[in-house]
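Visitor: Next come a sequence and a model predicted from it.
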Amino acid sequence: MTPRVVEPPARLGKGVSVYPSATAMVWPGEGHLHEAVAVPGVRLSPGDALVEIELATVCGSDVHTVLGHRSAPTPLILGHEQVGRVVALGRGGAKTIDGHRVSLGERIVWSVAVPCGRCSRCRRGLPQKCANLQKYGHERMRRGWELSGGFATHGHILDGTAMVAVPEDVPAEVLAPASCATATVAAALEAASGITPLEGALVLVAGAGMLGLTATAMASDAGAHVVVSDPIAERRDAALAFGAAAVTDPRVAIDAPGGLNAALAAAGGRGAAPTIALELSGAPAAVRSLFHAVDVGGVLVLVGSVSPGPDLAIDPEQLVRRLLTIRGVHNYAPRHLAEAVRYLAGAWQRYPFAAQVGETFRLADVDAALAAAGQHPRVGLRP
């Protein structure tokens, strides 16, 4: 189906009508179910694109939002992990990160962030923390940007959004999480490797959800020996399938059989300590345990702590004497999205990325998908 293009005055952008109308699943707020809203047309400014969504996946932050664990403006179209095809372009067209001009029908993924490109943070190389940042799946539905989230049949991609063309042979289940989980892991590993090399490193990963499994595979492929800590046996088994050298249950005493020390010894040798620790679960206990486990000169990268939690008590003397670095990573820059796609295109047949989307729901069943999200690393929505 080709959208109909209406040509208004240039200053108003390009009007595009869609038949049947695009549909967005709109969340009115905590305690309410999603409502289907028809969006018969959009107005594309220069550099914008309209994308027909092939598959969206549910991120943990979407679940946190509907449960009231994080504030969000409503009404809201959630969803920021998706893959789709370009069906219309604003005047002048649009380009991917590498300067490739986007074609109609091209399959793409796009960043969660829309930076302004002009503020001091953007100029410092931190577009994901732009002072004027807009984010897909996080903004109140408004006139002019009605299709602002992934839980819809179509997405309105704004000028300035990082886009990456994706291969036709890679399953949508593999590609959709690139826009959040995979790109965030690429940013976390870059932050760690800026302090100490990944190759040959002993890496401790807390959490074997989608982020943890992805980090395990990417770090292993970079030459690291990875130990994964997670309290759920099925997730520990999944970590082994993604290249972990050893796994451990954080509820087991450190020195007990099956505890952390035994896992570190199995991966790195007797008395080994990790030089890189990645906290991807958001559990306060995991943050404390990784701080104490990381070796002298090591780096602790915090990724999972995206909701308010207890303060982290850190002994400054330990930080100083052990020459430790603590880094926070939230979202990612465009280069990390490009790296995510490159990685998945080469790795999806070696690791069971597609199988991590445990169930796929109809778009209209988004509330059921959100309820089922805790049972799998990801669930999908197929418009």
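Guide: Cool, the structure landed.
Visitor: need the helices for this structure, in chain order.
Guide: 60-66, 120-123, 172-175, 181-193, 210-221, 233-241, 260-268, 284-293, 316-321, 334-347, 366-372 (DSSP state H).
Visitor: how about those helices, which one is nearest Gly380?
Guide: helix 172-175 (6.4 Å; C-beta to C-beta). (Glycine included, C-beta is placed from N, CA and C.)
Visitor: and the closest one, what other elements does it pack with?
Guide: Packed against helix 172-175 by the contact rule (3 or more C-beta pairs under 8 Å, 6 or more residues apart in numbering; DSSP states H and E) you find strand 49-57, helix 334-347, strand 378-382.
Visitor: and Gly243, which of those is closest to it?
Guide: Once the helices and strands packed on helix 172-175 are compared by C-beta to C-beta, helix 334-347 is nearest, at 9.7 Å.
Visitor: neighbouring contacts of the closest one?
Guide: 97-98, 109-111, 127, 162, 164, 166-167, 170, 174-175, 178-179, 182-187, 190, 217-218, 221, 353 (C-beta atoms under 8 Å, 6 or more residues apart in numbering).
Visitor: which stretch among the helices of the chain comes nearest Ser148?
Guide: helix 60-66 (13.8 Å).
Visitor: From the chain's centroid, how far away is the closest one?
Guide: 13 Å (C-alpha atoms, centre = their mean, to the nearest Å).
Visitor: And that helix, what's buried?
Guide: Buried positions in helix 60-66, judged by neighbour count with 16 or more other C-beta atoms under 10 Å: 60-63, 65-66.
Visitor: do the same with stretch 167-185
Guide: So for stretch 167-185, counting by 16+ other C-beta under 10 Å, buried means 170, 172-185.
Visitor: ok, back up a step: list just the one of the helices of the chain that sits closest to Val86.
Guide: Nearest of these (C-beta to C-beta): helix 172-175, 14.6 Å.
Visitor: Name the residues that touch that closest one?
Guide: Helix 172-175 has contacts (C-beta under 8 Å, 6+ apart) with 54-55, 57, 83, 109, 166, 341, 344, 348, 353-354, 356-357, 360, 378, 380.
Visitor: so which two of those are the farthest from each other?
Guide: Using C-beta to C-beta, these reach their maximum pairwise distance at Val341 and Thr360, which is 21.2 Å.
Visitor: more neighbours, those two?
Guide: Using other C-beta atoms under 10 Å, the more surrounded residue of Val341 and Thr360 is Val341, with 26 against 16.
Visitor: measure His376 to Cys130 for me?
Guide: 32 Å (C-beta to C-beta, to the nearest Å).
Visitor: Between these two, which is the more surrounded one?
Guide: Cys130 (20 against 17).
Visitor: That one reaches Ser120, doesn't it?
Guide: No. Checked against C-beta atoms under 8 Å, the pair Cys130 and Ser120 is beyond contact range at 9.6 Å.
Visitor: What is the burial count for His100?
Guide: 13.
Visitor: likewise Ser220?
Guide: 18.
Visitor: Just list the residues touching the closest residue to Ser17 other than its chain neighbours, thanks.
Guide: Closest residue to Ser17 apart from its sequence neighbours, by C-beta to C-beta, 6 or more residues apart in numbering: Gly41 at 4.0 Å. The contact partners of Gly41, taken as C-beta under 8 Å, 6+ apart, are 6, 15-18.
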